[in-house]
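# Build me a model from this:
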Amino acid sequence: MVSKAGFALVLAVLVCGQYAVQGVYIVSKAEWGGRAPTYRVALGNYLDYAIIHHTAGNYCETRAACAQQLRNVQSYHMDELGWPDIGYNFLIGGDGAVYEGRGWNSMGAHAAEWNPYSIGISFLGNYNWDTLEPNMIAAAQGLLNDAVSRGQLASGYILYGHRQVSATECPGTHIWNEIRSWSHWRA
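So this is what the prediction gives:
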């Protein structure tokens, strides 16, 4: 028979092990003051695509400023476009934090016909003039690695910039130039 202390130790090891494999901390929607979705559509596992975006809005460098930008994007998507939630699965701020959008296993509204087959990751800001910092690149790559580890993305997934699947200049020139060097990017 396992004691309560032994059980607690095993549980702690399992939880810590999960965070070691899935090591990117994600700022929850509750932490940034986001609204609950009006509804959600489930998204499958082992997806073949990840699509990178930018919000084309204001850049942010602090948790408070990024939280405000996230609420602005969510309000625009929900109140102006009539979507059930913010369009992206995850967003990355200039502070290097990963923020929950629709999150894991929820279909996004970020790339029309590609939504059922992909996760959408957006950088907060306009990367035609804003520049990526190393902490933001590391956050995005860590998030993609976590998506593979947890089975959301297939290990051989293909990474696209939004402009590859839609008529747009998104994700902006600076992100576009960066992601083309990433191992999963395909022309």
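# could you pull out the helices for this protein?
Ranges of helices in the chain, per DSSP state H, are 4-21, 29-32, 63-75, 134-149, 173-179.
# among those, which gets the worst mean confidence?
Ranked by mean pLDDT, the helices of the chain bottom out at helix 4-21, with a mean of 40.
# starting at the chain centroid, how far to stretch 68-77?
15 Å (Cα atoms, centre = their mean, to the nearest Å).
# Name the surrounding residues that touch that stretch.
The contact list for stretch 68-77 (Cβ atoms under 8 Å, 6 or more residues apart in numbering) reads 32-35, 55, 57-58, 60, 83, 85-87, 91, 93, 99, 109, 124. For glycine as for every other residue, the C-beta is placed from the backbone atoms N, C-alpha and C.
# list the buried ones in that stretch?
For stretch 68-77, the neighbour count (16 or more other Cβ atoms under 10 Å) marks Q69, L70, V73, Q74, H77 as buried.
# send the alpha carbons of that stretch over as CSV?
Provided in CSV are the C-alpha atoms of stretch 68-77 (Å, rounded to 0.1, in the frame of the first residue of the first chain):
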residue,chain,number,x,y,z
GLN,A,68,-4.2,45.2,-23.2
GLN,A,69,-3.3,44.4,-26.8
LEU,A,70,-4.7,40.9,-26.4
ARG,A,71,-8.0,42.2,-25.1
ASN,A,72,-8.0,44.7,-28.0
VAL,A,73,-7.5,41.9,-30.5
GLN,A,74,-10.1,39.7,-28.9
SER,A,75,-12.6,42.5,-28.8
TYR,A,76,-12.1,43.2,-32.5
HIS,A,77,-12.4,39.5,-33.4
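# Count the neighbours of G33 for me.
Under the neighbour criterion other Cβ atoms under 10 Å, G33 is assigned a count of 12.
# I figured it was touching A64, is that so?
No - G33 lies out of contact with A64 (Cβ atoms under 8 Å); the separation is 10.0 Å.
# Give me the common contacts of the two.
With contacts taken as Cβ under 8 Å, 6+ apart, G33 and A64 have no neighbour in common.
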